[in-house]
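K.L.:
prediction below, plus the sequence it came from.
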Amino acid sequence: MRIAMIGTGYVGLVSGACFADFGHQVCCIDKDASKIDGLNAGKMPIWEPGLEALVKANAERGRLTFTTDLAQGVEGAEAVFIAVGTPARRGDGHADLTYVFNAIRELAAVIKPGTVVVTKSTVPVGTGDRIVEILAEEGAEEISVASNPEFLREGAAIRDFKIPDRIVVGADDERAREVLREIYRPLFLNQAPILFTGRRTAELTKYAANAFLAVKISFINEIANLCEAVDADVQDVARGIGLDNRIGPKFLHAGPGYGGSCFPKDTLALLQTAAKAGVEQKIVGMVVAVNDERKAAMAERVAAAVGGDLKGKRIGVLGLAFKPNTDDMREAPSIPLISGLLERGAEVIAFDPVAHEQAEKVLSGITYASDAQSVAEDADALVVVTEWDEFRALDLGTLAGKMRGKVLVDLRNVYDPEDARRAGLAYSGIGRGRLNTPD
Ligand SMILES: NC(=O)c1ccc[n+]([C@@H]2O[C@H](COP(=O)([O-])OP(=O)(O)OC[C@H]3O[C@@H](n4cnc5c(N)ncnc54)[C@H](O)[C@@H]3O)[C@@H](O)[C@H]2O)c1
């Protein structure tokens, strides 16, 4: 199949590279010339495990190309995927569809009859209907419009794309279903279930999935608060409930609140869809509020761990990206945490194995260290914000030896509280009962 991908960001690049790896002929298009120039020179715009090798291998075989020229990129394509951003609109949280509709208008001028347009971007219910209208208004004829939401996770994006739990295709005509079945055929051979639904149902399925995962995270975070008050351990509670097949162990890790490029904006967009439809979504509304409050409360938690006053305190931060194995800083919990620390007069020194460059774009007034050891140097407290594997293996005794204060705030529950104590550190984790109270 010949496939065009409009938008070569996280989703567009990973999907394009994986489709090419299935054997399809893929052209990835982006408006950002520096991104396309970089990709043509073998430079990845994002840090994602395995991506560089996959892109290079398929580019070398001539199956994956990059361009800024839309007309050239969609030439001969049987399917054109839309993978542009749909950020939250400032003020109301509605999904901003400007990039999607602009791309569709540009596409309408060059698209050939018989092509299938597939929305991979996360878009509110009814966006496919509006795309059909715009294509008709612009004079593009005989175009099928389908929805194929993407469920990949950053940090494990290639694996998720190639071995998905399911593929959801929302299409109201047989032509679109046929083309998408053919595109994903290599995955059926791996037994990935494909679910065909109506287009509006597929659009809503993506939001329902992300909202549900956000509910799980916020639920365990609230249980963690209770654990701290009643001297119970949230790690064990999570394990105790997660072993129940009806609940499952994933997304039950208590922490500093969810961030990233999807959950925050998708929960807000779902609320907007619900408000427009006149249907209350009280659970998701509460989750958004609970998560916002949680992220804002993390600086106070650090202050409490060092005795209440952060003025003049040197705080070492381990991890900045919103989660491990990515350099994505969008809505990262490190951002409100660090702003809160700086506002309270702390000096902040931080290290992240890959997100330094992205972090510099959104965080100012802090010092960047080149490794975890330097972060510990003369620090009054160390705060673990992102659970990178390399932080799990740190020798706490060595770190403690370099520190001025002896406080470890473990917002990801990476360390064993007893190990920390043995290393001479006052340990403060999340939801770990009385152990959470620093000595
Ligand atoms: N990042 C994720 O983990 C993830 C997972 C699932 C779904 N999604 C959804 O996928 C969509 C894309 O997300 P992302 O993280 O890849 O975004 P991104 O910001 O990384 O990439 C979007 C790209 O689209 C380009 N673009 C915008 N308008 C264009 C146009 N008219 N023509 C060509 N290129 C254009 C931008 O330059 C940018 O490179 C969003 O709707 C998001 O919600 C993201």
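P.N.:
Looks like it arrived, so ask away.

K.L.:
tell me the mean pLDDT over stretch 124-134?
P.N.:
Mean pLDDT, computed over stretch 124-134, is 98.

K.L.:
can you point out the buried residues in that stretch?
P.N.:
Buried residues in stretch 124-134, defined by neighbour count with 16 or more other CB atoms under 10 Å: 124-125, 127-128, 130-132, 134. (Glycine included, C-beta is placed from N, CA and C.)

K.L.:
do stretch 29-38 as well
P.N.:
Under the neighbour-count criterion of 16+ other CB under 10 Å, stretch 29-38 has 29-31, 35-36 buried.

K.L.:
contacts with the ligand among the residues you listed, please.
P.N.:
29-31, 35 (CB under 6 Å from any ligand atom).

K.L.:
just name the closest of the buried residues of stretch 124-134 to Leu394, please.
P.N.:
Of all the buried residues of stretch 124-134, Pro124 has the smallest distance to Leu394: 43.4 Å, by CB to CB.

K.L.:
regarding the closest one, what is its secondary structure?
P.N.:
With DSSP: H, G, I helix; E, B strand; the rest coil as the basis, Pro124 sits in coil.

K.L.:
any idea how far the ligand is from it?
P.N.:
Noted for Pro124: a distance of 10 Å to the ligand, by CB to the nearest ligand atom, to the nearest Å.

K.L.:
go ahead and confirm that residue touches Ala269.
P.N.:
Yes. With contact defined as CB atoms under 8 Å, Pro124 counts as touching Ala269 (5.8 Å).

K.L.:
need the overlap of contacts for the two.
P.N.:
Common contacts of Pro124 and Ala269, defined by CB atoms under 8 Å, 6 or more residues apart in numbering, comprise 94-95, 207.

K.L.:
with pLDDT and secondary structure as added columns, please give the buried residues of stretch 29-38 in JSON lines.
P.N.:
As requested, those are exported to JSON lines (pLDDT from 0 to 100; DSSP: H, G, I helix; E, B strand; the rest coil):
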{"residue": "Ile29", "pLDDT": "98", "secondary structure": "strand"}
{"residue": "Asp30", "pLDDT": "98", "secondary structure": "coil"}
{"residue": "Lys31", "pLDDT": "98", "secondary structure": "coil"}
{"residue": "Lys35", "pLDDT": "98", "secondary structure": "helix"}
{"residue": "Ile36", "pLDDT": "98", "secondary structure": "helix"}
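
K.L.:
pull the most distant pair out of these.
P.N.:
Ile29 and Lys35 (10.5 Å).

K.L.:
could you tell me which residues touch both of the two?
P.N.:
Thr8.

K.L.:
check which helix or strand covers the closest residue to Glu154 other than its chain neighbours.
P.N.:
Closest residue to Glu154 apart from its sequence neighbours, by CB to CB, 6 or more residues apart in numbering: Thr326 at 4.3 Å. Using DSSP states H and E, Thr326 sits within no helix or strand.

K.L.:
ok, Thr326 to the ligand distance?
P.N.:
Distance, Thr326 to the ligand, using CB to the nearest ligand atom: 8 Å.

K.L.:
any idea how far that residue is from Arg61?
P.N.:
27 Å (CB to CB, to the nearest Å).

K.L.:
who has more neighbours out of the two?
P.N.:
Each of Thr326 and Arg61 has its neighbours counted (other CB atoms under 10 Å); Thr326 has more, 26 against 11.

K.L.:
you'd agree the more buried one is up against Trp47?
P.N.:
Yes. Thr326 lies in contact with Trp47 (CB under 8 Å); the separation is 6.4 Å.

K.L.:
give the residues shared as contacts by these two.
P.N.:
By CB under 8 Å, 6+ apart, Thr326 and Trp47 have these common neighbours: 354-355.

K.L.:
and the residue of this structure that's closest to the ligand?
P.N.:
Residue nearest to the ligand within the chain (CB to the nearest ligand atom): Gly9, separated by 1.7 Å.

K.L.:
who touches that residue in this structure?
P.N.:
Gly9 is in contact with 30, 45-46, 83-85, counting by CB under 8 Å, 6+ apart.

K.L.:
make a markdown table out of the residues you listed and add secondary structure.
P.N.:
A markdown table is the format used below for the contacts of Gly9 (three-state DSSP):
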| residue | secondary structure |
| --- | --- |
| Asp30 | coil |
| Pro45 | coil |
| Ile46 | coil |
| Ala83 | coil |
| Val84 | coil |
| Gly85 | coil |
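
K.L.:
now for Ile194, how many residues are close by?
P.N.:
Ile194, neighbours per other CB under 10 Å, totals 16.
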